[in-house]
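Chemist: Quick one: sequence plus predicted model below, questions after.
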Amino acid sequence: MELKTNHAAPVLTDPAPTISKSRLGIHSSLLPYSQQGAPFSSKYITIPRKKPGKLDDVWSNGWLDAMKSSSPPRKKLNKDFSVEVASDDNDNAYLSWMLKHPSALNFFERITSFARNKKIAVFLDYDGTLSPIVDDPDRALMSDAMRDAVRNVAKYFPTAIISGRNRDKVYELVGLTELYYAGSHGMDIMGPVTNTDSVNSTDQQGKEVKLFQPAKEFLPMIDEVFRTLVENTKGIKGAKVENHKFCASVHYRNVDEKNWSTIAQRVHDVLKDYPRLRLTHGRKVLEVRPVIEWNKGKAVEFLLGSLGLYSRDEVLSIYIGDDRTDEDAFKVLKKKNRGYGILVSPIPKETSAFYSLREPAEVMEFLKALVSWKDQEEAN
């Protein structure tokens, strides 16, 4: 049964901006290098030159509050990785939240009716969206059924995975060569190339790719910070530090909550010596990232431009994600009327997403429905 709601579909009626394209099909202002090979320069990326300054401690600057608010209790998983829904999930607060962010499955016909005669672009987070959230990030594996669903979506629609993980790692986990991949929250982008592409490289699997790395100059700094974080947190039981190439992540999912202040202080003490790096909060993870104007929302805009899908009248973007870092993409789609953000969450959350899904199992159901709808469209 469809929920009753006053939530209207977005109106994508603003005139599309005039876009200048390079021979790569990429908005010229977003190219990593100009056609003449000059150093990259763009109004979309700003690298502040801040002077070092003393940071407050983790108590006064609100780090601990942010750690708790971004790390809700994890729901118990069934054997098929679906969420075991507790009875209190159906309380008034959740139902009220669903009126604002209704199920994308319940409103699937409304989504597809708006998508008719438009080109669709699909953007997906990985952890918590295509795979379950687990204690060990290395064991966050997507099922074969989910992989098939993503593969089938990519047959019809340009599809990208945008993750906080290292790009090579998420490529290894997904294993589909036909997708675009954006690692490190969009700071490391690759995708299949055509014979006309002139900016290319080769990944570890020998596949030619288009590359875009707006924070390349930060690589030595991130490596240095990663090594320091490993050394400074090795005495904290359960702590795990990962190098995602353009950001360093400190996981505290398996750290006793009474030690959260310790791990936060250790990260703080390292970060205060790097004024060109900043901290962001994810689900039980502290992420150290470059201070540049770039995030998952910017990555979506870049990918749409590189795919020639900038027209608001002709394109509908769908972004599905579960984490706080996905909000930047939700905001871009909402503010610029480019499509729908879909939050994956079994509990109410403050979000800029238009619709919601409870869990990865529902994400797979939504992707399958999208393929079935397209099959029927082409048959008619």
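Modeler: Cool, got the structure.

Chemist: Can you show me the strands along the stretch 101-250 of the chain?
Modeler: Per DSSP state E, counting those that start in this stretch, the stretch 101-250 of the chain carries strands over the ranges 119-124, 159-162, 180-183, 188-192, 201-202, 208-212, 240-243, 248-251.

Chemist: what's the closest of those to D138?
Modeler: Among the strands of the stretch 101-250 of the chain, the nearest to D138 by C-beta to C-beta is strand 240-243 (9.3 Å). Using the backbone N, CA and C atoms, a C-beta is placed for each residue, glycine as well.

Chemist: What is the closest one packed up against?
Modeler: helix 219-233, strand 248-251 (3 or more C-beta pairs under 8 Å, 6 or more residues apart in numbering; DSSP states H and E).

Chemist: quick one, which of these is nearest to G305?
Modeler: Nearest of the helices and strands packed on strand 240-243 to G305, taken as C-beta to C-beta: helix 219-233 at 24.3 Å.

Chemist: And the biggest helix by length in the chain, what's buried?
Modeler: If you go by DSSP state H, the chain has its longest helix at helix 360-379. Using 16 or more other C-beta atoms under 10 Å as the test for burial, helix 360-379 gives 360-371, 373-374.

Chemist: before we move on, what about stretch 130-139?
Modeler: For stretch 130-139, a neighbour-count test (16+ other C-beta under 10 Å) marks L130, S131, P132, I133, V134, P137 as buried.

Chemist: just stretch 273-285 next, same as before
Modeler: For stretch 273-285, by 16+ other C-beta under 10 Å, it's Y274, L277, R278, L279, T280, H281, G282, R283, K284, V285.

Chemist: I'd like the mean pLDDT over it, please.
Modeler: Stretch 273-285 shows an average pLDDT of 89 in the prediction.

Chemist: cool, stretch 341-357 as well?
Modeler: 95.

Chemist: Kindly check the end-to-end length of it for me.
Modeler: End-to-end distance for stretch 341-357: 11 Å, by C-alpha to C-alpha, to the nearest Å.

Chemist: Off-centre distance for that stretch?
Modeler: With C-alpha atoms, centre = their mean, to the nearest Å as the basis, stretch 341-357 stands 14 Å off its chain's centre.

Chemist: what comes up buried for that stretch?
Modeler: Buried residues in stretch 341-357, counted by 16+ other C-beta under 10 Å: 341-346, 348-349, 351-357.

Chemist: related to what we said a few turns ago, possible to save the buried residues of stretch 130-139 as TSV with pLDDT?
Modeler: Putting the buried residues of stretch 130-139 into TSV (pLDDT from 0 to 100) gives the following:
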residue	pLDDT
L130	97
S131	95
P132	91
I133	84
V134	83
P137	77
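
Chemist: want to throw the residues you listed into JSON lines with distance to E224?
Modeler: Shown next, in JSON lines, are these (distance: C-beta to C-beta, whole Å):
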{"residue": "L130", "distance to E224": "32"}
{"residue": "S131", "distance to E224": "30"}
{"residue": "P132", "distance to E224": "33"}
{"residue": "I133", "distance to E224": "29"}
{"residue": "V134", "distance to E224": "29"}
{"residue": "P137", "distance to E224": "22"}
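
Chemist: Which of these sits closest to M190?
Modeler: Distances from M190 to the buried residues of stretch 130-139, taken by C-beta to C-beta, are shortest for L130, at 17.7 Å.

Chemist: which residues does that closest one contact?
Modeler: By C-beta atoms under 8 Å, 6 or more residues apart in numbering, the contact list for L130 reads L124, M142, M146, V150, I161, V174, P360, V363.

Chemist: quick revisit: could you tell me the least trusted of the strands of the stretch 101-250 of the chain?
Modeler: strand 201-202 (a mean of 53).

Chemist: Surely H281 forms part of a helix?
Modeler: No - with DSSP: H, G, I helix; E, B strand; the rest coil as the criterion, H281 is strand rather than part of a helix.

Chemist: my read: it touches E287, true?
Modeler: Yes - under the criterion of C-beta atoms under 8 Å, H281 makes contact with E287 at 7.4 Å.

Chemist: For the residue lying closest to R167 once chain neighbours are set aside, give me its contacts.
Modeler: Of all residues not flanking R167 in the chain, G183 sits nearest, at 2.8 Å (C-beta to C-beta, 6 or more residues apart in numbering). Contact analysis of G183 by C-beta under 8 Å, 6+ apart lists 163-171, 189, 244-246.

Chemist: before we move on, what about N232?
Modeler: Applying C-beta under 8 Å, 6+ apart, we find N232 in contact with R266, D269, V270.

Chemist: what about the residue nearest to Y274 when sequence neighbours are not counted, neighbour count?
Modeler: Sequence neighbours aside, V225 is the residue nearest to Y274 in space, at 6.2 Å (criterion: C-beta to C-beta, 6+ apart). When neighbours are counted by other C-beta atoms under 10 Å, V225 registers 22.

Chemist: How about the contacts made by V225?
Modeler: Contacts for V225 (C-beta under 8 Å, 6+ apart) come out as A248, V270, L271, Y274, L277, V288.

Chemist: which residues does the residue nearest to R167 bridge with?
Modeler: Under DSSP bridges, the beta-bridge partners of G183 are D188.

Chemist: Tell me how far it lies from L173.
Modeler: To L173, G183 is 11 Å away according to C-beta to C-beta, to the nearest Å.

Chemist: swap in S372?
Modeler: As defined by C-beta to C-beta, S372 lies at a distance of 26 Å from L173.

Chemist: do the same with W260
Modeler: Using C-beta to C-beta, one obtains 28 Å as the distance from W260 to L173.
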